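Q: Mind folding the following:
(4 chains)
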2 protein chains.
Amino acid sequence: MPVKTSSRGGGGVRMHEVAELAGVSRMTVSRALNHPEKVKEKVRQRVFDAVSQLGYVHNHLARSLSSSKSNVIGLVLPSLENSIFAQTVKAFSDVLRPAGFQLMLAESTDDPKEEEAVIAAFLAQRVAGLVLHSTRHSPAAIRMLRGANVPVIENGDMPVEPIDMVVSYSNRAAAKAMTLHLARLGYGRIAFASLADNPRATERQLGYADALKELGQEVDPRRIVSVSRGFGGGAEAIAQIERLAPDTDALFCAGDVLAVGALLECNRRGWDVPGRLAIASFDDLELMRHVNPAITALRLPRHEIGRRSAEMLLARIFDRDLPVRSVDLGFEIVQRASS
Amino acid sequence: MPVKTSSRGGGGVRMHEVAELAGVSRMTVSRALNHPEKVKEKVRQRVFDAVSQLGYVHNHLARSLSSSKSNVIGLVLPSLENSIFAQTVKAFSDVLRPAGFQLMLAESTDDPKEEEAVIAAFLAQRVAGLVLHSTRHSPAAIRMLRGANVPVIENGDMPVEPIDMVVSYSNRAAAKAMTLHLARLGYGRIAFASLADNPRATERQLGYADALKELGQEVDPRRIVSVSRGFGGGAEAIAQIERLAPDTDALFCAGDVLAVGALLECNRRGWDVPGRLAIASFDDLELMRHVNPAITALRLPRHEIGRRSAEMLLARIFDRDLPVRSVDLGFEIVQRASS
DNA sequence: TTGTAAGCGTTATCAG
DNA sequence: CTGATAACGCTTACAA
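A: Presented below is the predicted three-dimensional model:
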């Protein structure tokens, strides 16, 4: 028969032991920890003393299981390496940590099957809320999310059919606006550099096409170049343009890194920017302001998206009324020397 | 025939219901889920069918509580915005996800008190392991970690007194090596651009001083410039050098972003690099190879650090023998056109 | 304000 | 290979 011992090697201190040392019941310890105001000051102090004396660490696993309330939020990003997501993650953390929530992170690689697996894993952890930086999901994923009855925020675009809540901007509208901006500046042969296998880049390309249509121009396939990720992709774009459509006078890049890569390649070749070729970026990084010339870019409210998303999630978790479920935070064109 | 729905409104399906539908006990369901090989194929199939028919989602909270085994790893980074950490996070994720582990992320801002709070929060979640990208911790934090008996990896430097396991490189040794490299190239008045409040940058500065000493040179305080973070900091460094020590012939930057900022500022001013001023970076980013001229840099095995750390963590979690507890992955000097 | 009893949903253990 | 039973450590609901 197992002997009940008060001191368990390596296994950690239990609430019960804190209670004993403080001379109260487990419930009082629990309350002192979760709702300090509901315990008389003197008792509370005794409890806290016992906690620190024993080095007690509250078990949130047990708490979550018992209370059916988790304090973990799951974040699914297309890529963990992309620095633009860092701003969003940071914003989430800034709001969530002070509220006592932890962040769980995973990568979907923009693959619906992979995203589905990650969502399943997060639901298994009983996350209190979920943030998806994508708007395309497998039917199974959508079914799981609806069935789980968990607050969900979609982030990467304005989805046609939201799962739950949305905080984003429209890739298509933003790309259209930038293309029109370039046209207004006088550029008449605008090229678009895109990334393959990236649904957001695809939307951006649609926006580019929308703009050309509105301008009464045909989309010239020679001016749509699909390149690989990274700075090297920007250089590829320049090479392709020179080869296929050398009379191009402006290049709109689907991503910030691409734009910088393209600019640096122009620098290297001695092409005048914007004289020989204007460059514009879909996304704004600090770097955009520091290269020579500084790059015209779409400024997207990355930090604000994270903040608002986190706030809406918390509101839902705490059953507060939500005035809106879908927020379009828009974008801003920052005109700089590259165009 | 209507699909059998759970009797509990959004609360989720329990293992018990799966067991009933499959005509087995809960234990068999549990085994089928956790150790499929321990259940007869036919039964296993019945269980899986029941699972998908009911949309059952395994409750890892309950599993962890009951088994005292968590499948979450906590990662504490100095900053969530710094892109160099993205590589590490990615590497962790690549190893941990296939092994069935989730990643929990938090920011310490290089503040021991904040780190302590984050560690406490992670321990409360009963993480299976912890990764700290820092080597300076509050005494209380160290006490908690030792008491918790959790595998810990330290990452950002080679610590004097490791808590548990270490996978890193030595900031001091690397900085010394780069400084000596610049000297060997003929630069005799090398400046160092540092970041305030960054313990790793402080170590790097010590390495810089070590090298000068070895070269028989005095450390000239005019050549040690402390600047703010970001590309702007690089520009500040150039301005300070011009003002305080205009005869400086090489600038070693404590960070990648700083180095790029400095180079771009030189470009802007028309300073020849490396003719007027050579530039070297402590850290290598893809960007380093693309700017003009490409920047000489220390290549640190960021991805390898993440991979090895994750592997060692898993080894410890699964009680496998660990040949070593401390790994110095070293560094590499990549000589490019900027020096 | 504090305590008691009964779970929360799973797994360890041991018996069959 | 499968099942019964007792934990895992905490909180809810209610009683005092």
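
Q: Residue ranges of each domain in chain A, please.
A: Listed domain ranges for chain A are A:15-58, A:68-169+A:302-329, A:171-299 (source: automatic domain parsing).

Q: Now distance to DNA strand C and mean pLDDT too, for these, in a markdown table please.
A: Where C-beta positions appear, they are placed from N, C-alpha and C, glycine not excepted. Conversion of these to a markdown table gives the following (distance: least, C-beta to the nearest atom of the strand, whole Å; pLDDT from 0 to 100):
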| stretch | distance to DNA strand C | mean pLDDT |
| --- | --- | --- |
| domain A:15-58 | 3 | 95 |
| domain A:68-169+A:302-329 | 6 | 94 |
| domain A:171-299 | 33 | 97 |
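
Q: mind checking which of these is nearest residue B:221?
A: With C-beta to C-beta, the closest approach to residue B:221 among these belongs to domain A:171-299: 27.7 Å.

Q: Just the endpoints, please. Distance across the closest one?
A: Using C-alpha to C-alpha, to the nearest Å, the end-to-end distance of domain A:171-299 comes to 12 Å.

Q: and that domain, does that touch chain B?
A: Yes: Domain A:171-299 comes into contact with chain B (C-beta under 8 Å from any C-beta of the partner chain), by way of A:230-232, A:235, A:260-261, A:264, A:267-268, A:286-287, A:289-292.

Q: I'd guess residue A:234 is in a helix, am I close?
A: Yes: under DSSP: H, G, I helix; E, B strand; the rest coil, residue A:234 falls within a helix.

Q: Nearest spatial neighbour of it, chain-adjacent residues omitted?
A: Leaving aside its sequence neighbours, residue A:234 sits nearest to residue A:261 (C-beta to C-beta, 6 or more residues apart in numbering or on different chains; 2.1 Å).

Q: how close does that neighbour get to residue A:291?
A: Per C-beta to C-beta, to the nearest Å, residue A:261 is found 11 Å from residue A:291.

Q: Now that we have the domains of chain A, can you turn them into JSON lines and tack on mean neighbour count?
A: Listed next are the domains of chain A as JSON lines, based on neighbours: other C-beta atoms under 10 Å in any protein chain shown:
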{"stretch": "domain A:15-58", "mean neighbour count": "17"}
{"stretch": "domain A:68-169+A:302-329", "mean neighbour count": "20"}
{"stretch": "domain A:171-299", "mean neighbour count": "20"}
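
Q: Export those domains to CSV and append columns for distance to residue B:85.
A: Supplementary listing: the domains of chain A in CSV, determined by distance: least, C-beta to C-beta, whole Å:
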stretch, distance to residue B:85
domain A:15-58, 26
domain A:68-169+A:302-329, 8
domain A:171-299, 16
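
Q: mind checking which of those is nearest residue B:34?
A: Smallest distance to residue B:34 across those (C-beta to C-beta): 12.0 Å, for domain A:68-169+A:302-329.

Q: Where does the closest residue to residue A:23 other than its chain neighbours fall, secondary structure wise?
A: Counting by C-beta to C-beta, 6+ apart, residue A:23 lies nearest to residue A:46, which is 6.8 Å off, once chain neighbours are set aside. Per DSSP states H and E, residue A:46 falls inside helix A:41-54.

Q: Return the set of buried residues in whichever helix or strand comes after that helix.
A: Using DSSP H and E, the helix or strand that follows helix A:41-54 towards the C-terminus is helix A:60-67. Within helix A:60-67, the residues that count as buried by 16 or more other C-beta atoms under 10 Å in any protein chain shown are A:60-65.

Q: and DNA strand D, which of those reach it?
A: Counting by C-beta under 7 Å from any atom of the strand, A:62-63, A:65 from the buried residues of helix A:60-67 sit close to DNA strand D.

Q: Closest one of the residues you listed to DNA strand C?
A: Checking those against DNA strand C by C-beta to the nearest atom of the strand gives residue A:65 as the nearest, at 4.4 Å.

Q: Now do the closest residue to that closest one other than its chain neighbours against residue A:119, distance only.
A: Once flanking residues are discounted, residue A:65 sits nearest to residue B:61: 4.7 Å by C-beta to C-beta, 6+ apart. Note on residue B:61: its distance to residue A:119, by C-beta to C-beta, is 17 Å.

Q: same deal with residue A:324?
A: For residue A:324, the distance to residue A:119 equals 24 Å [C-beta to C-beta].

Q: how about the ones next to DNA strand D among the buried residues of helix A:60-67 in CSV, adding distance to residue B:114 and pLDDT?
A: Output for those, formatted as CSV (distance: C-beta to C-beta, whole Å; pLDDT from 0 to 100):
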residue, distance to residue B:114, pLDDT
A:62, 26, 97
A:63, 23, 98
A:65, 28, 97
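
Q: would a markdown table of those residues with distance to residue B:109 be doable?
A: Formatted as a markdown table, those follow (distance: C-beta to C-beta, whole Å):
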| residue | distance to residue B:109 |
| --- | --- |
| A:62 | 30 |
| A:63 | 27 |
| A:65 | 32 |
